[in-house]
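>>> 3D model of this:
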Amino acid sequence: MKHVDIYTDGSCKQNPGPGGWCAILVFKGNEKIISGGEANTTNNRMELTAVIESLSLLKEKCEVLITTDSKYVCDSVTKGWAKSWRKNNWKKSDKSPALNPDLWEKLLSLLETHEVSFNWVKGHNGHEYNERCDETAQKEADKYR
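Residues are numbered from 1 along each chain as shown. Okay, the predicted model is just below:
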């Protein structure tokens, strides 16, 4: 099975407000950078979109390591929260609605296709790929200001 490293970040100039996302996919030393944005969104939606868009590019089942500075994405997947929200009709344990169910549905489906693990890194802390993703995500968000 092919191994792909994916680095992602999302940015939002206000929350909600103009936002951007970026992902860098690395396979056998080759990089592919993808990015985009929206005029009215949230930081968490941009973080999720970066992961979804990057996984959507994979044409076959892959072993994937996603490195992100989003605790929201990492914890929701690795701690099983997102699967629980879906199982409970997009309600959290306190019965409040889970946010971004449209994106979580897409991501959970992609996670069933690939063997994905997550690596959390502290943002704005000198991690080369995280810094590059952040810079691009911010530029994407600026397009909507």
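>>> tell me which element Glu53 is part of?
helix 43-56 (DSSP states H and E).
>>> got the buried residues for that helix?
43-55 (16 or more other CB atoms under 10 Å). In this view, the C-beta of every residue, glycine as well, is placed from N, C-alpha and C.
>>> other SSEs contacting the very next helix or strand once past it?
Per DSSP H and E, helix 43-56 leads on to strand 62-68 as the next helix or strand towards the C-terminus. Packing partners of strand 62-68 (3 or more CB pairs under 8 Å, 6 or more residues apart in numbering; DSSP states H and E): strand 2-12, helix 43-56, strand 115-120, helix 128-142.
>>> Please identify which of the buried residues of helix 43-56 is nearest to Lys143.
Met46 (12.9 Å; CB to CB).
>>> quick one: pLDDT of the closest one?
Predicted confidence (pLDDT) for Met46: 98.
>>> Also Phe27?
98.
>>> Tell me who's in contact with it.
Applying CB atoms under 8 Å, 6 or more residues apart in numbering, we find Phe27 in contact with 2-5.
>>> circling back: contacts made by the helix holding Glu53 with the rest, please.
Taking CB under 8 Å, 6+ apart as the rule, helix 43-56 contacts 6, 8-12, 15, 19-23, 25, 34, 36-38, 64, 66, 68, 70, 72-73, 99-100, 103-104, 106-107, 110-111, 113-114, 116, 133, 137, 141.
>>> and which of the contacts of Phe27 is nearest to Lys91?
Val4 (33.2 Å).
>>> if I look at that closest one, how far off is Val121?
17 Å (CB to CB, to the nearest Å).
>>> Look at these two and report which has more neighbours.
In this comparison of Val4 against Val121, neighbours counted by other CB atoms under 10 Å, the higher total goes to Val4 at 21 against 16.
>>> That one reaches Val64, doesn't it?
Yes: between Val4 and Val64 there is a contact at 5.1 Å, judged by CB atoms under 8 Å.
>>> ok but Arg86 is inside a strand, no?
No: going by DSSP: H, G, I helix; E, B strand; the rest coil, the assignment for Arg86 is helix, not a strand.
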